[in-house]
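> coords below, sequence missing:
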Ligand code: AHG
Ligand code: MN
Ligand code: MN
């Protein structure tokens, strides 16, 4: 298709906005600023070793550890700066929160404040940076509480504690062989491919739908000894293949960039699990609710898939921490519902009790 027949991201947003004749344009301007940050990050990532930004942040001083207790890469820090610098000036935001910043980010005093909150993981999968495997950025747009808008006061953590159902928009950029932006403004899911000649995101995937069934799962199996019984059951049944209870063979993938796994699932179905496990009782899951689970969950649900903690829809969880972690299962609807059923079945709950372990079909 010649590019003139394709919409740009700007065109798509303007056409969407026509559904809301009273909209001010702030929202579209904010999404375009986020898209610019993603384009800047795509360039920084693409330069690799030549860009002088590989490796750990501030390695000479022993590296820097972020609020998650994880080593920050130089590109984590650079990506975070692109997000804050390219979105703080426009007057659309009341504040931001990021994986790389412990406290909410305040819009500088000299800039006007607006009505939205931006929450992001500036570089997801950043452990893959040094091995040239796909990484991405994840973002979520919330409305600021009314008193924040009215008073223009500084934001605090609890202003962001809104369930994922409240997201006005969510999306990710994927820095793979091509750079893509996948977005939902609450009206389905659309995908744009960056035209490197024009520097424009072009609409290439106008109606992304997650296949309801699939035979492909993604989980970090090195954690299997820490899994809870329902997860162990699900994976065991997949591994049993055609002669097993599922009656079909399954394929497995693990990229360790959730954003890339989410993209694969949006394109060809599948299920992703990073469930709650018993590895570290202080961490109820690996992934973060506000800037990983919620935006990806929103996209999945908008594309006809499903996102869950295993026990409840992830978008219904009331957050109580800016960086809170949560168990996450998402993808093809029938597979996610099966995993939820396994969590709900009383017989499987018994298996959590070691007294019942000997009777289990699924424990060795
Ligand atoms: P981040 O790079 O933002 O810290 O996130 C990495 C996340 C996610 O993308 C991925 O699915 C998961 O961590 C990988 O975890 P393991 O290393 O435990 O496989
Ligand atoms: Mn991440
Ligand atoms: Mn990250």
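Nice, thanks for sending it over. None of these values were measured; they are calculated from a predicted model. Ligands and ions are numbered 1, 2, ... in the order given.
> Tell me the spacing between the spatially most central residue of the chain and residue 122.
Compute the mean C-alpha point of the chain, and by CA atoms, centre = their mean the closest residue is residue 292, 3.5 Å away. Using CB to CB, to the nearest Å, one gets 12 Å for the distance from residue 292 to residue 122. Yep, even glycine has a C-beta here, placed from its N, CA and C like the rest.
> Overlap of the contact sets of the two?
Both residue 292 and residue 122 are contacted by residue 99, under the criterion CB atoms under 8 Å, 6 or more residues apart in numbering.
> Quick check: closest non-adjacent residue to residue 41.
Distances taken as CB to CB, 6 or more residues apart in numbering put residue 79 closest to residue 41, at 4.7 Å, once the chain neighbours are dropped.
> do the same with residue 340
Nearest to residue 340 is residue 308, by CB to CB, 6+ apart, at 5.5 Å.
> Hmm, residue 330 and the one you found touching each other?
Yes. With contact defined as CB atoms under 8 Å, residue 308 reaches residue 330; the gap is 7.1 Å.
> Settle it for me: which of those two has more neighbours?
Neighbours were counted for residue 308 and for residue 330 using other CB atoms under 10 Å; residue 330 has more, 30 against 26.
> Tell me the pLDDT of the more buried one.
pLDDT for residue 330: 99.
> Could you verify my assumption that it touches residue 271?
Yes. Look at residue 330 against residue 271 with CB under 8 Å: they come within range, at 7.3 Å.
> what sits in contact with each of those two?
With CB under 8 Å, 6+ apart, residue 330 and residue 271 have common neighbours 265, 336.
> one step back: got the contact list for the residue nearest to residue 41?
Here residue 79 is in contact with 37, 41, 44, 100, 122, 123, 137 (CB under 8 Å, 6+ apart).
> Please report how far it lies from residue 137.
Counting by CB to CB - residue 79 and residue 137 are separated by 6 Å.
> anything in contact with each of those two?
Residues touching both residue 79 and residue 137 (CB under 8 Å, 6+ apart) are 37, 41, 122, 123.
> Would you mark the buried spots in the helix or strand that contains the second one?
Using DSSP states H and E, residue 41 sits in helix 26-46. Under the neighbour-count criterion of 16 or more other CB atoms under 10 Å, helix 26-46 has 27-35, 37-42, 44-45 buried.
> next one: stretch 174-185
Here stretch 174-185 shows 174, 175, 176, 179, 180, 181, 182, 183, 184, 185 as buried, counting by 16+ other CB under 10 Å.
> count of neighbours near the one residue in the chain that gets nearest to ligand 2?
In the chain, the residue that lies nearest ligand 2 is residue 124 (3.5 Å; CB to the ion). Here the number of neighbours of residue 124 (other CB under 10 Å) works out to 29.
> Now it. Its backbone dihedrals?
Backbone torsions for residue 124, taken as degrees, to the nearest 10, come to phi -90, psi 140.
> Bridge partners for it, pull those for me.
residue 136 (DSSP bridges).
> Next one: it, what pLDDT does it get?
98.
> ditto for residue 51
In this prediction residue 51 is given a pLDDT of 88.
> so how many other residues sit close to it?
14.
> Same check on residue 103?
12.
> isn't there a helix covering it?
No. According to DSSP: H, G, I helix; E, B strand; the rest coil, residue 103 belongs to no helix; its state is coil.
> check contacts around it.
157, 322.
> Would you map the strands across the stretch 101-250 of the chain?
Secondary structure of the stretch 101-250 of the chain, counting by DSSP state E, counting those that start in this stretch: strands at 116-124, 135-143, 169-175, 179-184, 190-195, 200-205, 216-218.
> All good on my end, thank you.
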